[in-house]
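Undergrad: how would this look folded up:
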Amino acid sequence: LAQFDSFRGASLQTFARFLWQHVRLPDGSLAASPLFVANESFMRAHMLTGGSGTTRGGSLPGLSLQPTEEINFSKIALRFSTNLNKDTVFTCTRHLLAALGDALRTGQCVQVDFGVGVLRAKERKVDFEIDSKRYSTRKLPAALLRPTTATSSAAAASRTLAGVAA
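TA: Below is the predicted model of the structure:
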């Protein structure tokens, strides 16, 4: 959450990306709007369709985005536990995402709070509602005006997180 609070997107490659998209306000200033982008392969593998608030990965080319970084499992293990290591955190995350995918594929009603918003699904239709009280379209501080396109943000996603959400 701390990363998202500071206008940096986070990517969990096999599942989704949580991004900030650049938008122009009526007064001409640049702002950022939160965006949930489901991984195309995840959606296809589990026979899911996107609903409201769910953008599919293939529809991003040309969008102007804030930089995005891949989630770093080592930092998560170090920050939140004295017993876990990178491999354990990675494996648990993979199993959780597999279980989520299995539940979604069967059409079950699912609701998962990701901190930045809530994923809801019913009958294999996935909706994502950004927490509008915490994250809404807002002006970017001048120091953060580093737009990238969706294509170049994929390269940025390969970098590791500078900090993991608290």
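
Undergrad: Chain neighbours aside, what residue packs nearest to residue 64?
TA: residue 22 (3.9 Å; CB to CB, 6 or more residues apart in numbering). For glycine as for every other residue, the C-beta is placed from the backbone atoms N, C-alpha and C.

Undergrad: So what touches the helix or strand containing that neighbour?
TA: According to DSSP states H and E, residue 22 maps onto strand 16-24. Outside of strand 16-24, the residues that reach it under the criterion CB atoms under 8 Å, 6 or more residues apart in numbering are 4, 7-11, 30-39, 42, 57, 63-66, 68, 114, 116-117, 137, 140, 147, 153, 157.

Undergrad: which of those residues are buried?
TA: The neighbour count (16 or more other CB atoms under 10 Å) marks 4, 7-11, 31-32, 34-39, 42, 57, 63-66, 68, 114, 116-117, 140, 147, 153, 157 as buried among the contacts of strand 16-24.

Undergrad: Would you report which members of those are assigned to strands?
TA: Under the assignment DSSP state E, those contribute 9-11, 31-32, 34-38, 64-65, 68, 117 to strands.

Undergrad: Switch these over to a markdown table; also include pLDDT and distance to residue 89.
TA: Supplementary listing: these in a markdown table, determined by pLDDT from 0 to 100; distance: CB to CB, whole Å:
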| residue | pLDDT | distance to residue 89 |
| --- | --- | --- |
| 9 | 88 | 20 |
| 10 | 89 | 15 |
| 11 | 90 | 16 |
| 31 | 86 | 34 |
| 32 | 87 | 29 |
| 34 | 89 | 25 |
| 35 | 89 | 25 |
| 36 | 91 | 22 |
| 37 | 90 | 23 |
| 38 | 92 | 22 |
| 64 | 80 | 32 |
| 65 | 79 | 26 |
| 68 | 84 | 20 |
| 117 | 93 | 22 |
